[in-house]
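> Got a predicted structure here, sequence first:
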Amino acid sequence: MRESEIIKQTKIPNTVKSISEGLRKIGVKEGDVIIVHSSLSSFGWVCGGAQAIVESLFNVVGKNGTIVMPSQSGDLSDPINWCNPPVPKEWIDTIYKNMPAFNKEMTPSRSMGKVVECLEH
């Protein structure tokens, strides 16, 4: 969804404060272990974007809480099964031999969204 459409559909800007209040309202509290699957656009327009959402999560669960968020790296799967898009069969051996190993500092998640990318850093 385009940002201009999100702005039109948002009554007031969402902020770290308002998102934190919303999380508390639904029962998230200090020390909780939470599993989060989010879509940035589902929040409406957010002042600070993904960073504001992640800061809100940390603000609410605090230092003793845990935030778990799916973060798959589909590129590190068997290329013979890749279908979106598939790679030519003659490339498979080269990919097997040359795919860099997972590196928590550098390997991006794929198609998981801005909130996940922000949490990873």
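It's in. Numbering: from 1, shown residues only.

> Low-confidence ranges, the protein, go.
Residue ranges of the chain with pLDDT under 70: 72, 74-75, 108, 110-112, 120-121.

> ok, now how distant is the residue of it most remote from its centre from Pro79?
In terms of distance from the mean C-alpha position of the chain, Glu90 ranks first, at 33.2 Å (Cα atoms, centre = their mean). For Glu90, the distance to Pro79 (Cβ to Cβ, to the nearest Å) stands at 12 Å. For glycine as for every other residue, the C-beta is placed from the backbone atoms N, C-alpha and C.

> circling back: and the residue farthest from the centre of the chain, backbone torsions?
Phi and psi for Glu90, reported as degrees, to the nearest 10, are phi -70, psi -10.

> Which stretches in this structure count as helices?
Using DSSP state H, the helices of the chain run over 3-9, 16-25, 49-61, 92-98, 114-120.

> among the ones you listed, which is nearest Val36?
Nearest to Val36 among the helices of the chain is helix 49-61 (6.5 Å), distances taken as Cβ to Cβ.

> how far is the closest one from where the chain is centred?
12 Å (Cα atoms, centre = their mean, to the nearest Å).

> buried ones in that helix?
Burial within helix 49-61, assessed by neighbour count using 16 or more other Cβ atoms under 10 Å, is assigned to 49-57, 59-61.

> Quick one: those as TSV, columns for distance to Phe102 too.
Shown next, in TSV, are the buried residues of helix 49-61 (distance: Cβ to Cβ, whole Å):
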residue	distance to Phe102
Gly49	26
Ala50	22
Gln51	24
Ala52	28
Ile53	25
Val54	22
Glu55	27
Ser56	29
Leu57	24
Asn59	30
Val60	30
Val61	26
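
> Return the closest of those residues with respect to Met99.
Distances from Met99 to the buried residues of helix 49-61, taken as Cβ to Cβ, are shortest for Ala50 (27.3 Å).
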